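# build the 3D model from these lines:
(chains A, B and C)
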Amino acid sequence: MKITEEMVDYVSILSRLKLPQEEKTRMTGELEQIIGYMDILNQLDTSKIEPMSHTFPVKNVLREDEVVPSFPREALLQNAPVPDGEAYLVPKTVE
Amino acid sequence: MDWEVVIGLETHVELATKTKIFCSCTTAFGGAPNTHCCPVCTGMPGTLPVMNKKVLEYATKASLALNCEVTRYCKFDRKNYFYPDLPKAYQISQLYLPIGRNGRVPITVGSEEKVIRIHELHMEEDAGKLVHDNWIDQTRADYNRCGVPLIEIVTEPDFRSADEVIAYLEKLRSTLEYLGVSDCKMQEGSLRCDVNLSVRPMGSVDFGTRTEMKNLNSFKAIARAIRYEARRQQELIEMDHRQVVQETRRWDDNKDASFSMRSKENAQDYRYFPEPDIPPMELSEEYLAQLKASLPEMAEVKKARYMKDFGLPEYDAGLLTGTKALADFFEETVTLGAPPKEVSNWMMAELLRTLKEKSMEPKDMLFAPETLAAIIKLVAEGKLNRNTASKVFSAVFDDNADPMAYVKEHGLEQISDTGLVESTVASILAANASQVEEYRGGKQKVFGFLVGQCMRALKGKADPKVVNEVLRKQLNG
Amino acid sequence: MSLLDLTALELGRAIKRGEVSVPEATQAALEAIQAKNAENNAFITVLNDRAMEQAAEIQKKISAGELTGPLAGVPLAIKDNICTKGVKTSCASKILGDFQPPYDATLTEKINAAGGVVLGKLNMDEFAMGSTSETSFYGPTKNPWDLGRVPGGSSGGAAAAVAARECWYAIGSDTGGSIRQPASYCGVTGIKPTYGTVSRYGLIAYASSLDQIGPLARTAEDCAAVLDAIQGKDPRDGTSLDVPCGHLLEGLTGDLTGMKIGIPTDCFGDGLDSQVSEKVLAAAQVLKARGAQVEQCSLPIMEYVVPTYYIIAAAEASSNLSRFDGVKYGWRAEGYEDLTDLYNKTRTEGFGAEVKRRILLGTFVLSTGYYDAYYKKALQVKAVIKQAFDAAFQKYDLLLMPVAPTTAPRLGESLSNPLQMYLSDIYTVSVNLAGLPGISIPCGLDSKGMPVGAQLIGPALGEQKVLNAARAFQLDTDYHKLVPTIKGGDR
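Residues are numbered from 1 along each chain as shown, chains lettered A, B, ... in the order given. Here you go, the predicted model:
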């Protein structure tokens, strides 16, 4: 399968990565090689096979609806790159 | 040209569980920013979601009550997008195997009956809140609401008017309240709506291009937004000969208009895939049977019962059962021994009027069934006349005060001493000799004047019926 | 003989008998790290003071009879993608900055409860993505057998630290071979347990459906003891299994009578180094000599396992790594204009090339128009792979195959060709896809003097069988006792 720079641009936007041109060119080639190799799976007829998302038949893992005290706020916020006593800070969000 | 509006709704409803969907933090409304949070709901690295049993129960009940097919083997999926109100940068939701599908909700608009089809009902987690701080020109992310359980109910494009939409939402709200799965408070955001709307020439079978409107937080806003958007689309096509652009629009209730939301770098590609951290849920036959058996009596059935058992008119029964809090109030008051007809009359008149005046939700009032029962009893026992009782109602409504105590305090007890009534009537007749003459001369109207004089002299505390009787006897005697 | 030459269980017994104190052992390990880390870079963080404090506390508890387990007081180190409260946990990535989790992983809690002294946090490939430990933001780890070669990855720091006698055992994670392959390259024993046996709570996710925590140690016995301490159902991890635990060590009989071991011929074809092939087949003879029935069998899925693995792992990774955005924790880029720019700059500058490659690959296979062709297809092939293993385990108790096609390559050799590097994961990834237990045991040295590993794979929850066979092998061989004689990094 042919991978174009436009396709790489598209997935870059989705994944919030902005590659410099040189890196983008290299990545496009590598992705084409890797994805091309993945096409080998098409040799296998899987039309009658259910996709398997969970390997083991574990099911219904549910917890009781009982409140546990929340975490100390300062402990949650201590790793925030921009310190603030109450919240996580970000540049203005578009309304 | 005549145009037809085609509307589909996506309604998000917060479930009334004690804890969040994937962690044990409280779902209580409010709280200082980021104080109802833990490493799981703030998306800290390495943390994992564990599903709340109650959420599954509530979502299943809602699916059953909305006549959905319940998915016996259901899973969660991840919906991926970047936004600061979503700390994991994915929302755990359901795409491939939602809990409920193919539901039906009957509605009545005027005398028309109609069925709205439910496409699906799925479970998901709520996002946090962003508040812009102008002082520092930064946006603050508060994750208290992150992980609050939601169900999203998606209809087919079955609505043709704002009235149908409102009727459906009233029905939905009533149903979910009856189930006890949500408090459906729009002002707190526990019931929110997105409206998908398109227009097409009347008679056309193809759908037009639709827009999605968000930020609709009252039934009034929804009705207004629908009318606005339908007109905007028609004018765009008819007057400007332009195409409707498929987009998301934000309703501004203050400006009474909707605005296109900027979609900069906003490719809508959510890359859903099965959530690996949560094992599938398999709903057994017994589980479903048990939940079905636990479903409460719904509005429709209740309404029929009120009409049949209590002889209430259809309109009254409909109004009382339309809101769970009112139906509960009615039934509790009746259980306390008050005659159903009487309770209904009081609720239809005084109670609903007062709520409307105060723009209050029935579930928010302090006024208790015991209090209404007591007032009704005072009237029945002849201790309070109906007019005074109505005043007492108004006086005790706010703080749910004891009506008897209020009556005593303000000396409002009905005069049951017939001797006093007789002597008062006698003195009024003596003092109004000319009017008495007129009455006796055939002027019937004067009777009313004389009743008024007597009631005033008795400070309104006498039973008007008794006063009438005594007066007539003395005038004719 | 140095304290560091003891196995973890031997040291545990010496501590219990009072012959060695926990602070003494800890001190010895810290000195070894001090001496060796500059050359092999196995550690990202060394907890000198904290480890000594912890050692003193644990010694008190042991002396008071409160801590009696076989590993009480034995120092260890933990891969840097497992959360340790108040201790920097970096995933060897720039983007996590100096992230200090305010919580412990379940693994860390279990290690604490077992009386483990945590010496430090181990180097790895960034976010566990890689087969060489060269993608670390903190510089590559080097193989103690030859400092010019890689230790394997992604748990390269764990394998190197155990091989270089810097700790008695280490905790790693394995998503597609990240415990077994470095164990093989460094001549140590490492097991990836059945998916769900060890809680993933606090393990910073790479690919959630494949990630599993496990030990690297000198012997299969040590691995059994560690697994006894760390496995078990965890209410915080919905995918953890409710398995009886704590009996692996006592179940190690070394008796293989009646055990049937299959050797998939599909795993011994093109691309496998002949010396590796020879050593692994020789291992089969050792197992046979101890009573196992060994025969050839087929596992007709090998050409599909690498693409299937990389599609699923990259897809999950692209989602799991989205939370690293410079808002809540870790590093934030400077000089951004708006929100999108903040995200773009932080992520582009904060992630290394291999991580970005997998994020883009994963985003691609999930995107509109490609989901069915790649992601869904991979989930279907995963089912086929699981069926193939199920069929094999109808006939055999265990499967024996290589861990990696070659011994450790030279530093810098692998990264230039990503696809080539991915292909070298061929023998390990299928085990993760099927959720099975697999162990890597040293089975000799090649002509360059580099260790070769043999892999034993069991059915789901077949840890006891896997460990027992490994134990039996180690009773009759000395490969696991070989000590690296360090060669210069200039070669």
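# so what pairs up with the residue of the stretch 201-350 of chain B found nearest chain A in the strands?
Closest contact between the stretch 201-350 of chain B and chain A, by C-beta to the nearest C-beta, is at B:P274 (3.7 Å). C-beta coordinates here come from the backbone N, C-alpha and C atoms, glycine included. According to DSSP bridges, the residues that bridge with B:P274 are B:D77.
# now do it against B:P280, distance only.
Distance of B:P274 to B:P280, computed by C-beta to C-beta, to the nearest Å: 9 Å.
# what do you get for B:I237?
In this view, B:I237 and B:P280 are 46 Å apart by C-beta to C-beta.
# residues contacting the residue of the stretch 201-350 of chain B closest to chain A?
Counting by C-beta atoms under 8 Å, 6 or more residues apart in numbering or on different chains, B:P274 touches A:53-54, B:75-78, B:96, C:379.
# what is the neighbour count of C:Q275?
C:Q275 is flanked by 17 other residues according to other C-beta atoms under 10 Å in any protein chain shown.
# residue contacts, the closest residue to it other than its chain neighbours?
Nearest non-adjacent residue to C:Q275, counting by C-beta to C-beta, 6 or more residues apart in numbering or on different chains: C:D446, 4.4 Å away. By C-beta under 8 Å, 6+ apart, the residues touching C:D446 are C:273, C:275-276, C:279, C:407, C:452.
# kindly recompute the last result at 7 Å.
By C-beta atoms under 7 Å, 6 or more residues apart in numbering or on different chains, the residues touching C:D446 are C:275, C:407, C:452.
# which one of those sits closest to C:C186?
Each of the contacts of C:D446 was checked against C:C186 using C-beta to C-beta; the closest is C:T407, at 10.3 Å.
# the closest one belongs to a strand?
No: counting by DSSP: H, G, I helix; E, B strand; the rest coil, C:T407 is not part of a strand but coil.
# remind me which residues of the stretch 351-477 of chain B are low pLDDT?
Under the criterion pLDDT under 70, the flagged ranges of the stretch 351-477 of chain B are B:416, B:477.
# before we move on, the earlier item: hey, what's in contact with both of B:P274 and B:P280?
B:K75.
# tell me, how many residues neighbour the closest residue to B:E124 other than its chain neighbours?
Nearest non-adjacent residue to B:E124, counting by C-beta to C-beta, 6+ apart: B:S93, 3.8 Å away. Neighbourhood size, B:S93 [other C-beta under 10 Å]: 19.
# what bridges to B:S93?
With DSSP bridges as the criterion, B:S93 is bridged to B:D77.
# wait, it touches B:K75, no?
No: B:S93 is beyond contact range of B:K75, at 10.7 Å (criterion: C-beta atoms under 7 Å).
# around chain A, pick out the residues from the stretch 1-150 of chain B.
Taking C-beta under 7 Å from any C-beta of the partner chain as the contact definition, the stretch 1-150 of chain B meets chain A at B:17-19, B:24-26, B:33-39, B:42, B:50-54, B:56, B:82, B:84, B:130, B:132, B:137-142.
# just the buried positions in the helix or strand of chain C with the lowest mean pLDDT, please.
Of all helical and strand segments in chain C, the minimum by mean pLDDT, DSSP states H and E falls on helix C:418-423, at a mean of 94. Buried residues in helix C:418-423, counted by 16 or more other C-beta atoms under 10 Å in any protein chain shown: C:418, C:421-423.
# relative to chain B, which of these is nearest.
C:Y422 (20.6 Å).
# next up, the contacts around the closest one.
Counting by C-beta under 7 Å, 6+ apart, C:Y422 touches C:306, C:310.
# ok, back up a step: give the next helix or strand downstream of the least confident helix or strand of chain C.
As assigned by DSSP states H and E, the chain's next helix or strand after helix C:418-423 is helix C:429-433.
# so what are the sheet partners of the next helix or strand after that next one and their directions?
Later in the chain than helix C:429-433, the nearest helix or strand by DSSP H and E is strand C:438-445. Its sheet considered, strand C:438-445 pairs with strand C:189-192 (antiparallel), strand C:451-457 (antiparallel) by DSSP bridges.
# what pLDDT, on average, does strand C:438-445 get?
Per-residue pLDDT over strand C:438-445 has a mean of 98.
# could you do stretch B:67-87 as well?
In this model, stretch B:67-87 has an average pLDDT of 97.
# check stretch C:159-179 too.
Taken as a whole, stretch C:159-179 carries a mean pLDDT of 98.
# helix/strand/coil for B:Q234?
Recorded secondary structure, B:Q234: helix (three-state DSSP).
# for it, give me the pLDDT.
What the model reports for B:Q234 is a pLDDT of 92.
# so which other helices or strands are in contact with the helix or strand harbouring C:L9?
C:L9 is part of helix C:8-16, with elements assigned from DSSP H and E. Here helix C:8-16 touches helix C:22-40, helix C:220-230, going by 3 or more C-beta pairs under 7 Å, 6 or more residues apart in numbering or on different chains; DSSP states H and E.
# next, the angle helix C:220-230 makes with that helix.
Inter-element angle recorded for helix C:8-16 and helix C:220-230: 70 degrees (by axes from the mean of the first three to the mean of the last three C-alpha atoms, to 10 degrees).
# could you find the closest non-adjacent residue to B:G30?
Distance criterion C-beta to C-beta, 6+ apart; nearest residue to B:G30, sequence neighbours excluded, is B:N144 at 8.0 Å.
# cool, C:D242 as well?
Excluding the flanking residues, the one nearest C:D242 by C-beta to C-beta, 6+ apart is C:K233, at 4.4 Å.
# I am finished for the moment; much appreciated.
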